[in-house]
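*Asks:* coordinates for the following, if possible.
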Amino acid sequence: MPTPGFVLLVRKRDDGDDALRVGFTVTKKIGNAVVRNRMKRRFRKLARELVPADGMPGTDFVMIGRSGGIERDYGLLRQDLAKALDKARR
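*Replies:* I've put the predicted structure just below:
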């Protein structure tokens, strides 16, 4: 599910494990190492806040950073992730 700050990939696992797994990736196109790491830190914080409550058991989530994500307000990123998780549940 693409948003202005990231793309969320969701894949249901059929391995009997109910753990939620989250991965993050930000390419060099986005910026230097400092910028990429800052974006990943924001993604990790978002995931800790929203995925345990809104995610689905036994699912893998991957957040792929987009160029607009680093300038995007944290509150808007949070809303984007909440909408994407809601859409994934349907």
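*Asks:* what about A47, how many residues close to it?
*Replies:* 18 (other C-beta atoms under 10 Å). Every C-beta, even on glycine, is put in place using the N, C-alpha and C of the backbone.
*Asks:* okay, and the beta partners of the spatially closest residue to it that is not a sequence neighbour?
*Replies:* Leaving aside its sequence neighbours, A47 sits nearest to V22 (C-beta to C-beta, 6 or more residues apart in numbering; 4.6 Å). Bridge pairing for V22 (DSSP bridges) gives the partners F61.
*Asks:* tally up the residues packed near V22, please.
*Replies:* Look at V22: counted by other C-beta under 10 Å, it has 18 neighbours.
*Asks:* surely it meets P52?
*Replies:* No. Counting by C-beta atoms under 8 Å, V22 stays clear of P52, with 9.7 Å between them.
*Asks:* stretch 10-18 spans what distance, first to last residue?
*Replies:* 14 Å (C-alpha to C-alpha, to the nearest Å).
*Asks:* which parts of it are buried?
*Replies:* V10 (16 or more other C-beta atoms under 10 Å).
*Asks:* check what contacts it and list those residues.
*Replies:* Stretch 10-18 has contacts (C-beta atoms under 8 Å, 6 or more residues apart in numbering) with 1, 56-62, 88.
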